[in-house]
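1. Turn this into a structure:
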Amino acid sequence: MKTVITYGTFDLFHIGHVRLLHRLRSLGDRLVVGCSTDDFNEAKGKKSVMPFEHRAEILGACRHVDKVFPEASWDQKVEDIRRERADIFAMGDDWAGRFDDLSAHCEVVYVPRTKDVSSTEIRQLVHALHQERTRELRQSVQHVLDLVERL
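-> Modelled structure (predicted):
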């Protein structure tokens, strides 16, 4: 049995996550996923929309994922590889080269990510939509105030 291990925040779970997990699972017989904890994300300067418990539960419900465990630090990867008996450490190709040092413990693979979709882009879109909606509401309120003033 070939085990693949990966890590990520998996916030705002989207089609890019599903396709990445599918690609990773196709590399072996078992996929184990380290999901970044809220404290670890904070240490990395990231803020998740969904709490760790929700992100981990969503990952665990994905048919491509066999096991989810918390990722609490950068330094735990070698221990996780040993504990899970991972044959392959795999990440999206946006991380290419960053984990090559783990090749002393298992094969390291970087797979293509889904183009034109990311949690960052989704956050930016939601923020832009929120700003647009806020602007529309302010205009409506101002219009009502103008009408009231005329009466």
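
2. which residues touch the helix or strand residue 22 falls within?
-> For residue 22, the element it lies in under DSSP states H and E is helix 15-25. Identification of contacts with helix 15-25 by Cβ atoms under 8 Å, 6 or more residues apart in numbering yields 4, 6, 8, 10, 31, 33, 59, 62, 64-65, 90, 92, 111-114, 117-118. Quick note: C-beta positions are derived from backbone N, CA and C, even for glycine.

3. let's see it at 7 Å
-> With contacts defined as Cβ atoms under 7 Å, 6 or more residues apart in numbering, helix 15-25 is touched by 4, 6, 10, 31, 62, 64-65, 90, 92, 111, 113-114, 117-118.

4. Stretch 27-44 now?
-> Contacts for stretch 27-44 (Cβ under 7 Å, 6+ apart): 1-10, 21, 24-25, 47-48, 51-52, 55-56, 59, 64-73, 80, 84, 86-88, 90, 109.

5. And the average pLDDT for that stretch is what?
-> Stretch 27-44 carries an average pLDDT of 97.

6. Please state the offset of that stretch from the chain centre?
-> 8 Å (Cα atoms, centre = their mean, to the nearest Å).

7. tell me which residues in the helix holding residue 22 are buried?
-> 16-17, 19-21, 23-25 (16 or more other Cβ atoms under 10 Å).

8. Just want the angle from the helix or strand following it to helix 15-25.
-> Next along the chain after helix 15-25, taking DSSP H and E as the criterion, comes strand 30-36. Interaxial angle, strand 30-36 versus helix 15-25 (axes from the mean of the first three to the mean of the last three Cα atoms, to 10 degrees): 140 degrees.

9. ok, back up a step: CA atoms only: put the helix holding residue 22 into CSV for me.
-> The C-alpha coordinates for helix 15-25 follow below in CSV (Å, rounded to 0.1, in the frame of the first residue of the first chain):
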residue,chain,number,x,y,z
ILE,A,15,-13.2,22.8,-6.9
GLY,A,16,-9.4,23.5,-6.9
HIS,A,17,-9.1,21.7,-3.6
VAL,A,18,-11.2,18.7,-4.9
ARG,A,19,-9.1,18.4,-8.0
LEU,A,20,-5.8,18.7,-6.1
LEU,A,21,-6.9,16.0,-3.6
HIS,A,22,-8.0,13.8,-6.5
ARG,A,23,-4.6,14.2,-8.2
LEU,A,24,-2.7,13.5,-5.0
ARG,A,25,-4.9,10.4,-4.2
